[in-house]
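Visitor: Attaching a predicted model along with its sequence, questions to come.
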Amino acid sequence: MLKIIEIRSSSIITKSNLPEADYVINPYVGCMHRCFYCYARFMKRFTNHKEDWGDFVDVKINAPQLVPEKTQKYKGKEMFLSSVTDAYHPLEKKYELTRKILQKLIPLEPDLCIQTKSDLVLRDIDLIKQFENRRVGFTITTLDDGLRREIEPFASSVENRVKALEKLKENGIPTYVFIGPILPFLTDWKKIVLATRHCTDHYMFENLYVSGELWKCTENWLKKYHSNLLDDYRDIYFSDNKFWDKMEKEIEAFCRKQKIECGIYFHHKK
Ligand code: SF4
């Protein structure tokens, strides 16, 4: 049972810790997409929620009003939506917070970057086109929609994500595909690249990161759906980095050969 709470926030644009973004905007706390690997579940610590991640969403109903009317502060700065929610998860259809935030951001001229797993972003093409520098990325972890339902049950289907990328491209909006998290033995990253090259300008790759409670979530998912891979995942995560080092080199070589622009964001054990 989803618990939805309307809250009033004190700020909405925050400084980013992400490598390529200057600022982030999260119109919601929590996310209905319910990805098993979601690292944003750490946000529970900052709320009073006892529910599982995916079972609650706090809606920052005053978020659009918190975007300032006039300032040069964000001009040319990368503004990322969103880092600990998906700005287009299903509740956005009703609340339209992201849409109203975009309307307020246009005159501030930031470089807009949206990353999502929902084709609801197409609703806002009219606004996104008004940003001189803009790009929209779709996360694609698999082309197999059965696997997608296991890992990201309430996000758009794979087919609809690819169609959305095509639509964005048709509208002159630069796109990227975020291939992550790469799930060992299940994510065929080469196939994803080949299936989306016609509608994608750039690729990002990230491996499955299972520190802290994320290992428990991964283990639960494996036990439920892929118990045959449990030992292999343990080998990968509780030994050295060989598996990921090898994959990283393969991705680099593949992208070089295919003349594909890419960024690789692999987590390595220290
Ligand atoms: S879409 Fe992003 S924020 Fe939402 S549950 Fe999935 S990983 Fe977490």
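Guide: Sure, I can see it.
Visitor: So the strand of greatest length in the chain, near the ligand or not?
Guide: For the chain, the strand with the greatest residue count under DSSP state E is strand 175-182. No - on the criterion CB under 6 Å from any ligand atom, strand 175-182 is out of touch with the ligand, staying 8.9 Å away. Heads up, the C-betas are built off the backbone N, CA and C, glycines and all.
Visitor: So which bits of that strand are buried?
Guide: 175-182 (16 or more other CB atoms under 10 Å).
Visitor: next one: stretch 13-24
Guide: Within stretch 13-24, the residues that count as buried by 16+ other CB under 10 Å are 13, 16, 21-24.
Visitor: Which residues does that stretch contact?
Guide: With contact meaning CB atoms under 8 Å, 6 or more residues apart in numbering, stretch 13-24 is reached by 25-26, 66-67, 74, 77-83, 110, 113, 265.
Visitor: got the angle for the strand or helix carrying F243 vs strand 175-182?
Guide: F243 is part of helix 242-258 when elements are defined by DSSP states H and E. Interaxial angle of helix 242-258 relative to strand 175-182 (axes from the mean of the first three to the mean of the last three CA atoms, to 10 degrees): 160 degrees.
Visitor: and helix 242-258, what does it pack onto?
Guide: Contacts defined by 3 or more CB pairs under 8 Å, 6 or more residues apart in numbering; DSSP states H and E place helix 242-258 against helix 189-196, strand 202-207, helix 230-237, strand 262-265.
Visitor: Tell me the residues of the stretch 51-200 of the chain that contact the ligand?
Guide: Contacts of the stretch 51-200 of the chain with the ligand, taken as CB under 6 Å from any ligand atom, map to 85-86, 117.
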